[in-house]
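Peer 1: Requesting a structural model of the entry that follows:
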Amino acid sequence: MRANAHRFLLLDALRGVAALAVVSGHLGDAWGHPISQFYILAVDFFFILSGFVIAYAYKSKLAGAMAAPAFWRIRMIRLYPLLVVGALIGGAAMFVLHGDEPHHEPWRIAASTALAALALPTLLFTTSMAFPVNGPAWSLFFELLANFVYAPVSRFLTRNRLIVLTGMAALLLVVDTLNRGTIESGWSIHELLGGVLRVFFGFTCGLMLYEVRPTWKLKSVYGWALMAALCFVLLAPLAFKPFEQLTISLVIMPAIVWAGSAIEMAGAGMEVVTFLGMLSYPIYILHKPMLDVSVSVLRKLDPSGALMPLWIPLQFAFLIGMAWLGLKLIDEPVRKWLTGRFRGPPKPAPAAVAAP
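Peer 2: Numbers count the residues shown, from 1 in each chain. From the prediction side, this is the model:
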């Protein structure tokens, strides 16, 4: 582990909390009992966190010998294995659930699956969803877009420039949100510009927060408090209005990331912290198609929904288990192989120094 990497274990755990909030929100929606609409703001949290972590891991490298293509390759290896798996599961789920419906011919499903596996939106269906095969993949499209832009310009992003850019991005996001009446955008093929503005603010804000990160430390107990606070914010049963959305995305979430970067988790509960961090990406990118299929099956077994209080926790556990299997059986070994395969030629060993 790199020096000081343990400090940011909490940030990984917070990503896991946000991902589980998304799963909870989708579960409630699927059964017709919405918990909250604020869970969709988890994506804004992901963007902020990504900017911070990317700056921590790659800012100095990109300023040195690392070229942009090498950075892009690393990010693709990190994200694409499970992105492809999620697309394949989503394509199979769509064929099973909707294959007999109009405009859902096998070629459309296959083409949309291929596009989703590449993190590219589709126009092949009548739905407005940019990624109908696997809905959550829309945020990966913008994540990769931000990564692509960041690499060649990172060396020019000084702290003051990032502060200015973050302010500009926040202003644009405020104007767009107030104009449309909601911050919710990016998932629709007709609102991709809104997604650009969300990732522009989130990723840039994360880069800026890294530059002004705290130099002091907080105890682990504050980390647990931050995880509880983030969970409450994302699942709060409050009115989903523009002012509340902007307050959470532009103020509360950056504050959580900034404060979280000062906390070094230790002591009891570290297994939970580590588990949340490892689970965050697999559960986010894999859960939706499996959820759709399982809800369809359970509705046929229990048409009245009388056993819904039993089905929901069972589904939650099932999705966590499948995400863990995806991590251990596919993601980690495939990323290890790809890293070895595309590491590039080894650096020449330094010349030996002749003995005096």
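Peer 1: CA only for contacts and neighbour counts going forward, please
Peer 2: Fine.
Peer 1: so what's residue 196 closest to, chain neighbours aside?
Peer 2: Leaving aside its chain neighbours, residue 196 sits nearest to residue 142 (6.8 Å; criterion: CA to CA, 6 or more residues apart in numbering).
Peer 1: for whichever strand or helix holds the one you found, packing partners?
Peer 2: Using DSSP states H and E, residue 142 maps to helix 137-153. Helix 137-153 is packed against helix 42-63, helix 68-98, helix 192-211, with contacts defined by 3 or more CA pairs under 8 Å, 6 or more residues apart in numbering; DSSP states H and E.
Peer 1: Quick check: next helix or strand after the shortest one?
Peer 2: By that I understand helix 192-211. Counting by DSSP H and E, the next helix or strand C-terminal to helix 192-211 is helix 220-235.
Peer 1: what's in contact with that next one?
Peer 2: Identification of contacts with helix 220-235 by CA atoms under 8 Å, 6 or more residues apart in numbering yields 10, 13-14, 17-18, 21, 25, 35-42, 248, 253, 256, 260, 263-267.
Peer 1: So for it, mean pLDDT?
Peer 2: Throughout helix 220-235, pLDDT has a mean value of 95.
Peer 1: With stretch 65-84 instead?
Peer 2: Mean pLDDT, stretch 65-84: 96.
Peer 1: Would you mark the buried spots in that stretch?
Peer 2: By 16 or more other CA atoms under 10 Å, the buried positions in stretch 65-84 come out as 68, 70-72, 74-84.
Peer 1: send the alpha carbons of it over as PDB?
Peer 2: Extracted C-alpha coordinates of stretch 65-84, given in PDB (Å, rounded to 0.1, in the frame of the first residue of the first chain):
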ATOM      1  CA  ALA A  65       6.800  10.600 -17.000                       C
ATOM      2  CA  MET A  66       3.300   9.200 -17.400                       C
ATOM      3  CA  ALA A  67       1.700   9.900 -20.800                       C
ATOM      4  CA  ALA A  68      -2.000  10.400 -21.300                       C
ATOM      5  CA  PRO A  69      -2.500   7.100 -23.200                       C
ATOM      6  CA  ALA A  70      -0.900   5.200 -20.200                       C
ATOM      7  CA  PHE A  71      -3.400   6.900 -17.800                       C
ATOM      8  CA  TRP A  72      -6.300   6.100 -20.100                       C
ATOM      9  CA  ARG A  73      -5.200   2.500 -20.400                       C
ATOM     10  CA  ILE A  74      -5.100   2.200 -16.600                       C
ATOM     11  CA  ARG A  75      -8.600   3.700 -16.200                       C
ATOM     12  CA  MET A  76     -10.000   1.400 -18.900                       C
ATOM     13  CA  ILE A  77      -8.600  -1.600 -17.200                       C
ATOM     14  CA  ARG A  78     -10.100  -0.500 -13.900                       C
ATOM     15  CA  LEU A  79     -13.600   0.100 -15.300                       C
ATOM     16  CA  TYR A  80     -14.200  -2.000 -18.300                       C
ATOM     17  CA  PRO A  81     -14.200  -5.600 -17.100                       C
ATOM     18  CA  LEU A  82     -17.300  -5.300 -14.900                       C
ATOM     19  CA  LEU A  83     -18.800  -2.700 -17.400                       C
ATOM     20  CA  VAL A  84     -18.700  -5.500 -20.000                       C
END
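Peer 1: Please identify the helix or strand for the residue lying closest to residue 324 once chain neighbours are set aside.
Peer 2: Using CA to CA, 6+ apart and skipping the chain neighbours, the partner closest in space to residue 324 is residue 279 (6.5 Å). When elements are assigned from DSSP H and E, residue 279 belongs to helix 270-301.
Peer 1: what's residue 112 in contact with, if anything?
Peer 2: The contact partners of residue 112, by CA under 8 Å, 6+ apart, come to 91, 122, 124, 131-133.
Peer 1: give me that answer again for 7 Å
Peer 2: 122, 133 (CA atoms under 7 Å, 6 or more residues apart in numbering).
Peer 1: Stretch 176-194: how far from the chain's middle?
Peer 2: Computed by CA atoms, centre = their mean, to the nearest Å, the chain-centroid distance of stretch 176-194 equals 18 Å.
Peer 1: so which of the helices and strands packed on helix 137-153 comes closest to residue 289?
Peer 2: Residue 289 sits nearest to helix 68-98 of all these, at 4.9 Å, using CA to CA.
Peer 1: which secondary structure elements does the closest one contact?
Peer 2: Packing contacts for helix 68-98, counted by 3 or more CA pairs under 7 Å, 6 or more residues apart in numbering; DSSP states H and E, involve helix 106-117, helix 137-153, helix 270-301, helix 332-341.
Peer 1: Between helix 137-153 and the helix holding residue 279, find me the angle.
Peer 2: If you take axes from the mean of the first three to the mean of the last three CA atoms, to 10 degrees, helix 270-301 sits at 140 degrees to helix 137-153.
Peer 1: let's number from 614 now, not from 1
Peer 2: Understood, numbering begins at 614; the last thing we discussed is helix 883-914.
Peer 1: Leaving out chain neighbours, which residue sits closest to the residue positioned nearest the centre of the chain?
Peer 2: The chain has residue 659 as the residue nearest its centroid, 4.8 Å off, counting by CA atoms, centre = their mean. Counting by CA to CA, 6+ apart, residue 659 lies nearest to residue 628, which is 6.7 Å off, once chain neighbours are set aside.
Peer 1: Cross-check the contact I'm expecting between the one you found and residue 891.
Peer 2: No. With contact defined as CA atoms under 7 Å, residue 628 does not reach residue 891; the gap is 9.4 Å.
Peer 1: out of the two, which sits in the busier spot?
Peer 2: Neighbours per residue, other CA atoms under 10 Å: of residue 628 and residue 891, the larger number sits with residue 628, 26 against 19.
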